[in-house]
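Student: This is the structure alone, sequence omitted:
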């Protein structure tokens, strides 16, 4: 019985090592180390902030930032 447990542990270790190698190969970057995905946050230019607003006037809300993803 003890020999079977040892064999199961060996197989489990081999499967884990193979899965770790496969995951590492799939997630590794190129040989030159350059990033493959570029993420830039584009914020539209809004109106200049004013120190005070006249009574009854609400500020114009800005458009939320846009996330641009490029794989170039």
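Tutor: That came through fine. This one's a predicted model, so the numbers in the text were calculated from it and none came from an experiment.

Student: So residue 63 versus residue 42, what's the distance?
Tutor: 10 Å (CB to CB, to the nearest Å). All C-beta spots, glycine's among them, are computed from the backbone N, C-alpha and C.

Student: same deal with residue 66?
Tutor: According to CB to CB, residue 66 and residue 42 sit 5 Å apart.

Student: same check, this time on residue 60
Tutor: For residue 60, the distance to residue 42 - CB to CB - is 19 Å.

Student: Can you give me the neighbour number for residue 63?
Tutor: 9 (other CB atoms under 10 Å).

Student: pLDDT value on it, please?
Tutor: Residue 63 is assigned 79 on the pLDDT scale.

Student: That one in helix, strand or coil?
Tutor: Secondary structure state of residue 63, per DSSP: H, G, I helix; E, B strand; the rest coil, is coil.

Student: residue ranges with poor pLDDT in this protein?
Tutor: Along the chain, the model assigns pLDDT under 70 to residues 1-5, 27-37, 39, 43-51, 71-72.

Student: And the helices in this structure?
Tutor: Using DSSP state H, the helices of the chain run over 2-27.

Student: How about residue 40: which residues does it bridge to?
Tutor: Note on residue 40: beta-bridge partners residue 68, judged by DSSP bridges.

Student: and it, how many neighbours does it have?
Tutor: 9.

Student: my guess is it meets residue 66, correct?
Tutor: No: Residue 40 lies out of contact with residue 66 (CB atoms under 8 Å); the separation is 9.5 Å.

Student: Identify the contacts common to those two.
Tutor: Taking CB atoms under 8 Å, 6 or more residues apart in numbering as the contact criterion, residue 40 and residue 66 have no common neighbours.
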